[in-house]
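Visitor: no FASTA, just this:
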């Protein structure tokens with residue numbers, strides 16, 4: 001599983017001109033699922049989101065986690081995180097999980113984040129969404145449940 005985590009001042013998801021999810025201060029997280037992801041991959045990322053210390057303490061150091069900072073979480077499904085564009089001009093999605101299973105994993109992941117005690121809003125799996133955010137910092141962290149971003153081997157061009 002992959003996640004792009006952004007510390008935000010606010011973030012919103014709009015579908016068909018309607019706001020379906022919106023947060024203030026917190027983390028906006030784009031998530032994608034690999035074809036071989038299992039529950040432990042989702043648990044790892046959910047736990048990491050709860051414990052990731054990217055919010056400033058009283059000394060200005062990034063030393064506080066989401067709950068300590070009284071922040072919210074916005075989770076956005078994004079299968080394109082498994083797009084591999086190292087060869088050619090059109091990304092390959094051969095490592096991405098098939099949509100039906102990925103939707104179940106997305107729902108499971110949102111539930112795991114809630115079970116971690118996080119205040120969670122989320123996008124709609126498979127929908128065409130407009131995602132707007134104001135990145136705070138900017139702070140952007142890449143997470144992957146597998147070492148070396150799923151063992152991707154560098155391609156020589």
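Guide: Received, thanks. This structure is a prediction, so every number in the text was calculated from the model and none was measured. Numbers count the residues shown, from 1 in each chain.
Visitor: tell me how far the nearest residue to residue 95 once chain neighbours are set aside lies from residue 146.
Guide: Residue nearest to residue 95 in three dimensions, not counting chain neighbours: residue 82, with 4.7 Å by Cβ to Cβ, 6 or more residues apart in numbering. The C-beta positions use only the backbone N, C-alpha and C, and glycine is treated the same way. Counting by Cβ to Cβ, to the nearest Å, the gap from residue 82 to residue 146 is 12 Å.
Visitor: overlap in contacts of those two?
Guide: residue 34 (Cβ atoms under 8 Å, 6 or more residues apart in numbering).
Visitor: the more surrounded of the two?
Guide: Between residue 82 and residue 146, counting by other Cβ atoms under 10 Å, residue 82 is the more crowded of the two (22 against 15).
Visitor: contact partners for that one?
Guide: Going by Cβ under 8 Å, 6+ apart, the list of residues near residue 82 reads 2, 32, 33, 34, 93, 95, 96, 97.
Visitor: backbone dihedrals for it, please?
Guide: Dihedral pair for residue 82: phi -100, psi 20, per degrees, to the nearest 10.
Visitor: how far away is it from residue 125?
Guide: From residue 82 over to residue 125 the distance is 15 Å, taken as Cβ to Cβ.
Visitor: ditto for residue 69
Guide: Computed as Cβ to Cβ, the residue 69 to residue 125 distance reads 27 Å.
Visitor: one more: residue 20?
Guide: 12 Å.
Visitor: quick one, what contacts residue 6?
Guide: Taking Cβ under 8 Å, 6+ apart as the test, what residue 6 contacts is 27, 28, 29, 133, 135, 138, 139, 140, 141.
Visitor: will you turn those into TSV that also has secondary structure?
Guide: Converted to TSV, those look like this (DSSP: H, G, I helix; E, B strand; the rest coil):
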residue	secondary structure
27	strand
28	strand
29	strand
133	strand
135	strand
138	strand
139	strand
140	strand
141	strand
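Visitor: show the buried residues in the residues you listed.
Guide: 27, 28, 29, 133 (16 or more other Cβ atoms under 10 Å).
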